[in-house]
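1. here you go, sequence then predicted model.
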Amino acid sequence: MIRQYDRGALLFEQGRYEDAIKAFQEILVQNPEDSYALMYIGWSYLIKENYSKALEYCKMAYEINPDDELIAGNYAQSLFRKNERNKALSVLDNALQRFPYSYFLFYLKAQVHYFKEEYVPAEDAIKMALEIEPESTDLLNLYHQILIKLKKQNKAEAVMDFVLKEAPQDSYSHANFGWKYIQEQDNKKARECFMEALRLNPDNEYAKEGLKEAIRIENPFYRTMHKFFLWMDKMSSGRQTAIIFGLFFLYQIIVQIAKENPKLNLVLQPLIILYIIFALSSWVARPFSNFFLQFNAIGRHILSPDERLGANLAGGSFVIAIFSLIAMLFSESLPFLLLYVFGLIASITFSGAFLFHPKSRYRKLLYLVAILLIGMALFGAAGGEAYEGYIRTAGIGVLLYTIFVPFLARKEAGMFYDK
């Protein structure tokens, strides 16, 4: 039994997680309540990003042996990755009562608070971890991210300077610096940092995301929206909501004034058009930038298949809309009108759907909404004046879609899904 256990642990350390799972499952055949065998299986599934299986085994291990630091920590991690964050914090708080000097548990607690956007308690937890393990690059990198969110820029820079001096080969640290430069809108330095991070570790997803963002910002259209996003990000979620709804209600007031005072149309119509362009741009900026990213020598290699699909659907639909609109200038053909309606609504709705993870319940729901809105608009356009109500209803649907989907996207931000 001891030899089999050592073999499983060695396989785990070598990164051969499937083999490690098999080795520990053989132990469970003889002793189904071996908490360490259960924990190692759960831990292996965590690393493989099969969070459902990870939680299943880590929970069994914890129920058998709740007084072990590593078992409690892995159970909390599996809860966190299954998006049960409050429960994860409860497990960590209980474990820290027994292990008050565990930097590992404090680090996990800081992570959970960070993803819950609770940055002050996250800072408190990471400080406790650093008191125990002051030179850990993992802790310092998370500390840097928390300080950025707390707008403690000078302290954040000092932390990263220290990390890079102490661990110049740490890929994650270079990526962190890259994101700092993204915030400062220094695109050239950001790209250099991300490229260095990927040279050190080609599988660093954090650096890949950063490099994609740095290349996107080279597009003037996306850069304008990016500045707005950065400005919004500096505000609380309550203020962000107030601004979004405030702009919408201001738009409604301007439309009503324009209806009641046709003489003011010359002044008000441009404002209405600007708002519509702004609202649509906030949606389609990323998918369209991804569409053009496919033509970049570096960008095409770091886009995920899902990002490529979303970019092609949204970008391709928009291209159809533009060409159909141009064709309509020379011909009043119904097919061009239908293609224009389809392309315009599809580009907006697919852009929204692809803000979500492929396994998100919202992605599937928004596919159905997109098809419904496109169908209603096409039916109305093909039916002539008698069916104008369908186009009007589809238009209202698209407007509501553009208002509510960002709230859903924010709710889903930072969620984890099984691979």
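-> Perfect, I can see it now.
2. quick one: buried residues of stretch 335-355?
-> Judged by neighbour count using 16 or more other C-beta atoms under 10 Å, the buried positions of stretch 335-355 are 336-355. C-beta coordinates here come from the backbone N, C-alpha and C atoms, glycine included.
3. one more: stretch 107-122?
-> Counting neighbours by 16+ other C-beta under 10 Å, one finds that the buried residues in stretch 107-122 are 107-116, 118-119, 121-122.
4. tell me where this protein is predicted with low confidence.
-> Scanning the chain for pLDDT under 70 picks out 1-2, 221-252, 254-255, 258, 263-288.
5. list the contacts of residue 182.
-> Counting by C-beta atoms under 8 Å, 6 or more residues apart in numbering, residue 182 makes contact with 190, 210, 213-214, 217.
6. and if you look at residue 203?
-> Contact analysis of residue 203 by C-beta under 8 Å, 6+ apart lists nothing.
7. one step back: nearest to residue 37 among the contacts of residue 182?
-> Taking C-beta to C-beta as the measure, residue 210 is the one of the contacts of residue 182 closest to residue 37, at 38.4 Å.
8. domain assignment for the protein?
-> Structural domains assigned to the chain are 2-218, 222-412, following automatic domain parsing.
9. for residue 419, which of those is the nearest?
-> Nearest of the domains of the chain (C-beta to C-beta): domain 2-218, 3.8 Å.
10. and the domains of the chain, which is most packed in?
-> Stretch with highest mean neighbour count among those: domain 2-218 (a mean of 19; mean count of other C-beta atoms under 10 Å).
11. check the offset of that domain from the chain's centre.
-> Distance of domain 2-218 from the chain centroid (C-alpha atoms, centre = their mean, to the nearest Å) equals 17 Å.
12. kindly report the same for stretch 374-386.
-> On the basis of C-alpha atoms, centre = their mean, stretch 374-386 is displaced by 36 Å from the centre of the chain it belongs to.
13. equivalent analysis for stretch 350-366, please.
-> 12 Å.
14. end-to-end on it?
-> The distance separating the two terminal residues of stretch 350-366, taken as C-alpha to C-alpha, to the nearest Å, comes to 8 Å.
15. repeat for stretch 351-368
-> The distance separating the two terminal residues of stretch 351-368, taken as C-alpha to C-alpha, comes to 14 Å.
16. likewise for stretch 162-182?
-> Terminal-residue distance, stretch 162-182 (C-alpha to C-alpha): 20 Å.
17. quick one: residues in contact with the strand or helix carrying residue 342.
-> Following DSSP states H and E, the helix or strand that holds residue 342 is helix 334-353. Residues from elsewhere that reach helix 334-353 (C-beta under 8 Å, 6+ apart): 280, 283-284, 286-288, 310, 313-315, 317-322, 324-325, 327-328, 363, 366-367, 369-370, 373-374, 377-378, 381-382, 391, 394, 398, 401-402, 405, 409.
18. by contact count, what packs against the helix or strand harbouring residue 94?
-> Under DSSP H and E, the secondary-structure element containing residue 94 is helix 85-98. When contacts are defined as 3 or more C-beta pairs under 8 Å, 6 or more residues apart in numbering; DSSP states H and E, helix 85-98 packs onto helix 69-81, helix 103-115.
19. the inter-axis angle of it versus helix 103-115?
-> Orientation note: helix 85-98 sits at an angle of 150 degrees relative to helix 103-115 (axes from the mean of the first three to the mean of the last three C-alpha atoms, to 10 degrees).
20. would you turn the domains of the chain into CSV with distance to residue 419?
-> Rendered in CSV, the data for those read as follows (distance: least, C-beta to C-beta, whole Å):
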stretch, distance to residue 419
domain 2-218, 4
domain 222-412, 9
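21. which among those is found nearest to residue 418?
-> Proximity of the domains of the chain to residue 418 was assessed by C-beta to C-beta; the nearest stretch is domain 2-218, lying at 5.3 Å.
22. re earlier: keep only those of the contacts of helix 334-353 that are in helices.
-> Assignment to helices by DSSP state H places the following of the contacts of helix 334-353 there: 280, 283-284, 286-288, 310, 313-315, 317-322, 324-325, 327-328, 363, 366-367, 369-370, 373-374, 377-378, 381-382, 391, 394, 398, 401-402, 405, 409.
23. hmm, who's touching the helix or strand harbouring residue 9?
-> Following DSSP H and E, one finds residue 9 within helix 2-13. When contacts are defined by C-beta under 8 Å, 6+ apart, helix 2-13 is touched by residues 17, 19-20, 23-24, 26-27, 36-37, 40, 43-44.
24. may I have it exported as CSV, CA atoms only?
-> As requested, the backbone C-alpha atoms of helix 2-13 are provided in CSV (Å, rounded to 0.1, in the frame of the first residue of the first chain):
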residue,chain,number,x,y,z
ILE,A,2,2.8,2.4,0.9
ARG,A,3,4.6,1.6,-2.3
GLN,A,4,1.5,2.2,-4.4
TYR,A,5,0.9,5.5,-2.6
ASP,A,6,4.5,6.7,-3.2
ARG,A,7,4.1,5.7,-6.9
GLY,A,8,0.9,7.8,-7.2
ALA,A,9,2.6,10.8,-5.5
LEU,A,10,5.6,10.5,-7.8
LEU,A,11,3.3,10.4,-10.9
PHE,A,12,1.5,13.5,-9.6
GLU,A,13,4.8,15.4,-9.1
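25. angle of the helix or strand just after it against helix 2-13?
-> Proceeding N to C from helix 2-13, the next assigned helix or strand is helix 17-30, under DSSP H and E. In terms of direction (the same axes, to 10 degrees), helix 17-30 departs from helix 2-13 by 150 degrees.
26. start the count at 7 instead of 1 going forward.
-> Will do, 7 is the new start, and the previous item becomes helix 23-36.
27. perfect, that will be all.
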